[in-house]
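[1] sequence and predicted structure, then a few things I'm wondering about:
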Amino acid sequence: MKNLVYIGNKLNRKGKTATTIDTLGKGLEASGFKIYYASSYNNIVLRLMDMLWTVFKHRKTTDYVLIDTYSTLNFYYAYAVSKWCQILKLKYIPILHGGNLPQRLKTSPKLSASIFKKAYVNSAPSNYLKFQFETYGYTNVKLIPNSIQIEAYPFKPRGIDAVHLLWVRSFSKLYNPKLAVDVLHSLKSKDSNATLCMVGPDNDGSLEDTKAYAKISGVEVTFTGKLDKAAWVLLSEDYNLFINTTNFDNTPVSIIEAMALGLPIVSTNVGGLPFLIENNSEGLLVEPNNTEAFVEAILKYKNNEWLCQSIIKQARTKAETFNWEHVKEYWLATLK
């Protein structure tokens, strides 16, 4: 049995959305790994201290240190932990996240090199991030996709008489949730029975801003707050189209989940999305922050039943390639 330390923001029980540290960690534990996690502290100073202490505490027994690595504040956690691993002579694996991470390579080249060039390997969940890192000269990047438990997502082909939109994400300016409200407002003039449900916890005050924006816009939106996977999967049975409004992205698990469920998808064509979704085959991609482009794509589904069903089926086939039973082989080969 191998021992791992997994560093990331394990804040699912603090009201935040479950992230890779929760899902990947669970899968690796089921595959026989012993894992020590850090950190679940909300306070950023305590969180960093806990991360460094956990690595030090298990320095003599751990085989690898996994580090969830994003482009924002977490980038500096990753830098501190990676330097600590270098001092302690531990093998570490940054797990790359976020469609904006390539921008960090550009704006912080020295810090980035200090983290990524000295890593045992860098795990990229998408060909988009792998390509971007290789463009900046990194050769130690391995594609290991995000994963889902496919059996948890029952496939249900959707017909679209009236449009019932589902949006699932943390409420953050980065994900442009107000655009979903604009889409509903515009769609109402063409489909008076159209509805919108937005699922997810608040991240930066955007939830209340979006609620206020919906009220000002004169449209009724259902806001559920945070739901666990089982709850939103059950909820999804009442909806027939999934929209993703983000301005930056990599390979969002919520998109893979929607593909698995049989929800036709309209997403912004940014970051890693065109690497995940083949346009007009597995979903419809539109330019970011373009309300009418979203509405046009939605009506394309509604008015073309053959296209809608074809996309749904091909998207499900793509989602099946992200099943943990398949993805875990990448990890077992890496952590051998």
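    Structure received.
[2] domains for this structure, by residue range?
    3-145+324-334, 150-320 (automatic domain parsing).
[3] how about the helices of this protein, start to end?
    Listed in chain order, the helices of the chain (DSSP state H) span 20-30, 44-57, 73-87, 101-107, 109-116, 127-135, 178-188, 206-217, 229-235, 253-261, 273-276, 291-303, 305-320, 324-334.
[4] with mean pLDDT as added columns, please give those in a markdown table.
    Listed next are those as a markdown table, based on pLDDT from 0 to 100:
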| stretch | mean pLDDT |
| --- | --- |
| helix 20-30 | 92 |
| helix 44-57 | 96 |
| helix 73-87 | 95 |
| helix 101-107 | 93 |
| helix 109-116 | 96 |
| helix 127-135 | 94 |
| helix 178-188 | 97 |
| helix 206-217 | 98 |
| helix 229-235 | 94 |
| helix 253-261 | 96 |
| helix 273-276 | 94 |
| helix 291-303 | 97 |
| helix 305-320 | 97 |
| helix 324-334 | 96 |
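[5] thinking again about what came up before, can you add mean neighbour count and give the domains of the chain back as CSV?
    Using the backbone N, CA and C atoms, a C-beta is placed for each residue, glycine as well. CSV is the format used below for those (neighbours: other C-beta atoms under 10 Å):
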stretch, mean neighbour count
domain 3-145+324-334, 18
domain 150-320, 19
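[6] circling back to that earlier point, so which of the helices of the chain gets nearest residue 146?
    Of all the helices of the chain, it is helix 253-261 that lies closest to residue 146, at 5.3 Å by C-beta to C-beta.
[7] residues touching that closest one, excluding its own?
    By C-beta atoms under 8 Å, 6 or more residues apart in numbering, the residues outside helix 253-261 that reach it are 23, 146, 148, 150, 153-156, 166, 168-169, 229, 233, 236, 242, 244, 265, 267, 273, 276-277, 282-283, 315-316, 318-320, 322.
[8] and what of stretch 119-132?
    64, 82, 91-97, 99, 101-102, 105, 116, 133, 138, 140-146, 250-251, 271-272, 274-276, 334.
[9] if we use 7 Å, what do you get?
    64, 91-96, 101-102, 116, 133, 138, 140-146, 250-251, 271-272, 275-276, 334 (C-beta atoms under 7 Å, 6 or more residues apart in numbering).
[10] next step: those restricted to strands.
    64, 92, 93, 94, 95, 96, 141, 142, 143 (DSSP state E).
[11] so what's the last one scoring on pLDDT?
    For residue 143, the pLDDT comes out at 96.
[12] related to what we said a few turns ago, figure out which of the helices of the chain is closest to residue 194.
    helix 178-188 (4.5 Å).
[13] contact partners of the closest one?
    So helix 178-188 is contacted by 163, 165, 167, 194, 196, 198, 210, 213-214, 217, 219, 221, 243, 245, 289, 291-292, 294-295, 298 (C-beta under 7 Å, 6+ apart).
[14] rerun that using 8 Å as the cut-off
    163, 165, 167, 194-196, 198, 209-210, 213-214, 217-219, 221, 243, 245, 289, 291-292, 294-295, 298.
[15] got the angle between that helix and helix 291-303?
    With axes from the mean of the first three to the mean of the last three C-alpha atoms, to 10 degrees defining the directions, helix 178-188 sits at 60 degrees from helix 291-303.
[16] so how far is helix 178-188 off the chain centroid?
    23 Å (C-alpha atoms, centre = their mean, to the nearest Å).
[17] which residue is nearest the centroid of this structure?
    residue 252 (2.9 Å; C-alpha atoms, centre = their mean).
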